[in-house]
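J.: Fold the following, please.
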Amino acid sequence: MIELNDLADQQPYEKLQLLEIGKEKSGKSWCAATAPKPILIFDFDLRAKALSGRNGVYAVTLRDPAPHMQPTAFNEMLSVITQLEQGADLRALGFTKAPPGLKPVTIVTDSITTMARSASRYALYTNTDIRRRLSFGSWSVDFAKNFDAWNAEMTTIESVILRLLALPTHLIATLHEEEEKSEDSTPDKKKFTGQIGPFPARYSLLFKYFNDVWHFDNAPSMSNPSSTVYESRAQCRPDYRCPWAVTTLDLDQFEKPNIEQMLSKHFTRNPKSSRPQLAQATAVQEVGGAVSNITYK
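T.: Residues are numbered from 1 along each chain as shown. Next up, the predicted model:
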């Protein structure tokens, strides 16, 4: 499929492609929930209730059954994506209280790390030549037997990311992090470079699909650096520790993790790109079989 784009009149915020990387509880999900609404979250981390009370945020929580049963979560997510590709609104997805015709404007995968585990479990369950199985009575656990298992996982995850990017919505994905090990690091004597990367490290291959890659951590309050109370922050520009951090928006190196406020800052610094009223992307409409661009009011 060929997609033609005249980039002269387009702005980076018209279609966010954002990857958030950080430890658990560092504010990634909270930040994702501040994106333009309605938001649809693919909740693989089973933490959707942490966002309870937020208007315009809908979550599809996905979990696999017991280990001895066939994994289903990943295929169930693919079914939802297929419905979105066919133009389904939130009611058609099962959210009966959503207004008729309301479609998601932002898609969130939370997290890719856990989603990939579900994809891997399904691949190992259904392909005996790439797995090693250990049984404990009626229970069994599958492990990767060779590199084909890892390749199957990565290929599957890349396929999903590309399908989500093709939707006329913003895309926000979250990843867990780990300290980068040096080349001479061993299991007995671990050595680190001082840099942070995605967990697992091979997921750095996904960076190329995202225009913005932010790092999340907890640090002293930005408004009161001497405070002993730590707050979540988003690192949008690189340093030695996170050389891959990048943003297409006009933001500082560190920001409070609120996408609406960050977009407001970008608009303030770039008056020509500002809109009379920030906040909500309009619902997309199909025109002659094609999907129109997301626009801001």
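
J.: how about low-confidence regions in this structure?
T.: The chain contains residues with pLDDT under 70 at 1, 67, 273-297.

J.: if we go to 80?
T.: 1-3, 5-13, 66-69, 124, 127-128, 131-146, 148, 150, 221-228, 272-297 (pLDDT under 80).

J.: Quick one: the helices in it, in order.
T.: For the chain, helices defined by DSSP state H occupy the ranges 28-32, 73-85, 112-126, 147-166, 259-269.

J.: Pull the number of nearby residues for Trp139.
T.: When neighbours are defined as other CB atoms under 10 Å, Trp139 has 11 of them. All C-beta spots, glycine's among them, are computed from the backbone N, C-alpha and C.

J.: Let me know the distance separating it from Gly22.
T.: 33 Å (CB to CB, to the nearest Å).

J.: what's the answer for Ala35, then?
T.: Ala35 is 16 Å from Gly22, by CB to CB.

J.: One more: Ala166?
T.: The spacing between Ala166 and Gly22, counted by CB to CB, is 27 Å.

J.: Settle it for me: which of the two has more neighbours?
T.: With neighbours defined as other CB under 10 Å, Ala166 and Gly22 compare such that Gly22 has more, 26 against 14.

J.: Could you check how many residues crowd around the nearest residue to the more buried one once chain neighbours are set aside?
T.: Spatial nearest neighbour of Gly22, excluding adjacent residues (CB to CB, 6 or more residues apart in numbering): Phe216 at 3.1 Å. Close neighbours of Phe216, defined as other CB under 10 Å, add up to 22.

J.: Going forward, the N-terminal residue is numbered 8.
T.: In the new numbering, first residue 8, that becomes Phe223.

J.: residue contacts, Phe223?
T.: Phe223 makes contact with 27-30, 33-35, 38, 239-242, 264, according to CB atoms under 8 Å, 6 or more residues apart in numbering.
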